[in-house]
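Trainee: Take this sequence and fold it.
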Amino acid sequence: MPDVTLVVRGLAETGESERLEKAVSRLGFVQIVAANAAKELLAVSYEGGEAELTRIEQAVREAGYEFEPTPGAQNAGG
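Mentor: As a prediction, the model looks like this:
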């Protein structure tokens, strides 16, 4: 199961980590999701590869956030 951590810009200002977690957890292939608003991090464990990682990133954008992968996340999709 791949794991990825994204730096989510603006999460500390909005304090809406639960909303972001819900948006990502709605994806059927996501197993675990945890957002840390203070550190602006989103950790996700999921089943799949690059296509699923792209859908996770899309869900983050649709929730109204910009992000960047942490080092090593570019290879997380397999």
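Trainee: got any ranges where this structure has weak pLDDT?
Mentor: Within the chain, the segments meeting pLDDT under 70 span 1, 71-78.
Trainee: In what element of secondary structure is the residue of the chain most remote from its centre found?
Mentor: Distance to the chain centre peaks in the chain at residue 13, reaching 17.1 Å (criterion: Cα atoms, centre = their mean). Taking DSSP states H and E as the criterion, residue 13 maps to helix 11-14.
Trainee: Remind me what whichever helix or strand comes after that helix packs against, helices and strands.
Mentor: Proceeding C-terminally, helix 11-14 gives way to helix 17-25 as the next helix or strand, assigned by DSSP H and E. Under the contact definition 3 or more Cβ pairs under 8 Å, 6 or more residues apart in numbering; DSSP states H and E, helix 17-25 sits against strand 30-36, strand 41-46, helix 50-62. For the C-beta atoms, the positions are set from N, CA and C on the backbone; glycine is no exception.
Trainee: can you do 7 Å?
Mentor: strand 30-36, helix 50-62 (3 or more Cβ pairs under 7 Å, 6 or more residues apart in numbering; DSSP states H and E).
Trainee: And it, what's buried?
Mentor: 17, 20-21, 23-24 (16 or more other Cβ atoms under 10 Å).
Trainee: Also stretch 33-41?
Mentor: In stretch 33-41, counting by 16+ other Cβ under 10 Å, buried: 33, 35, 37, 40-41.
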